[in-house]
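1. fold the following.
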Amino acid sequence: MRFRRGAACWPWWPTPRRAGSGAAELRQASAELGVTGCTLLDYPDAELPGVPLAELEARVAELAARHRADGLLVFDETGVTGHADHKAATETSRHALHRSLA
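-> Sure thing, here's the model as predicted:
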C-alpha cells in the first residue's frame, strides 16, 4: 500500500513524471518483494500530515485485513529522508499495527 501518488516535492522532475509516479514504482517494488497485491491510495502529495490519523489508520487496518497481511514494511521514525508524508505514513502504520495487537 502506498498512501499517495506523485512527487510534488520534487519540482525538478518533469510534470508528467511527477503526475504519474507512484503506481509503476509500487508495482515494481511489490513484485521484487514477492507481494501479490498492492493498493495505491490517492491522497495528495505533501498533504498526508494534515489527514486525521484515525482516517489513515482505518485505511491501513482495512487493507491489511483484506490482504491478510503478515506484516508491514515502513520507514523508520524519521521517514528516512525526513519527508513529512513518509513520517505520517510510518506513524499511521505503527499505530494501526499496535491497535490490531491490543
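
2. from residue 26, how far off is residue 33?
-> Distance, residue 33 to residue 26, using Cβ to Cβ, to the nearest Å: 11 Å. Any C-beta I mention is one placed from the backbone N, CA and C, and that applies to glycine too.

3. contacts for the helix ranked longest in the chain next, please.
-> Longest helix in the chain by number of residues, with DSSP state H as the criterion: helix 84-101. For helix 84-101, contacts defined as Cβ atoms under 8 Å, 6 or more residues apart in numbering pick out 3-4, 9, 45-49, 51, 53, 56-57, 60-61, 64, 72, 74-80.

4. at 6 Å instead, please
-> With contacts defined as Cβ atoms under 6 Å, 6 or more residues apart in numbering, helix 84-101 is touched by 3, 48-49, 56-57, 60-61, 72, 74-75, 79.

5. likewise stretch 58-72?
-> For stretch 58-72, the surrounding residues in contact (Cβ under 6 Å, 6+ apart) are 1, 37, 39, 92-93, 96-97.

6. please redo it, this time with the cut-off set to 8 Å
-> So stretch 58-72 is in contact with 1, 3, 37, 39, 41, 92-93, 96-97, 99-100, going by Cβ under 8 Å, 6+ apart.

7. right, I'll call it a day here.
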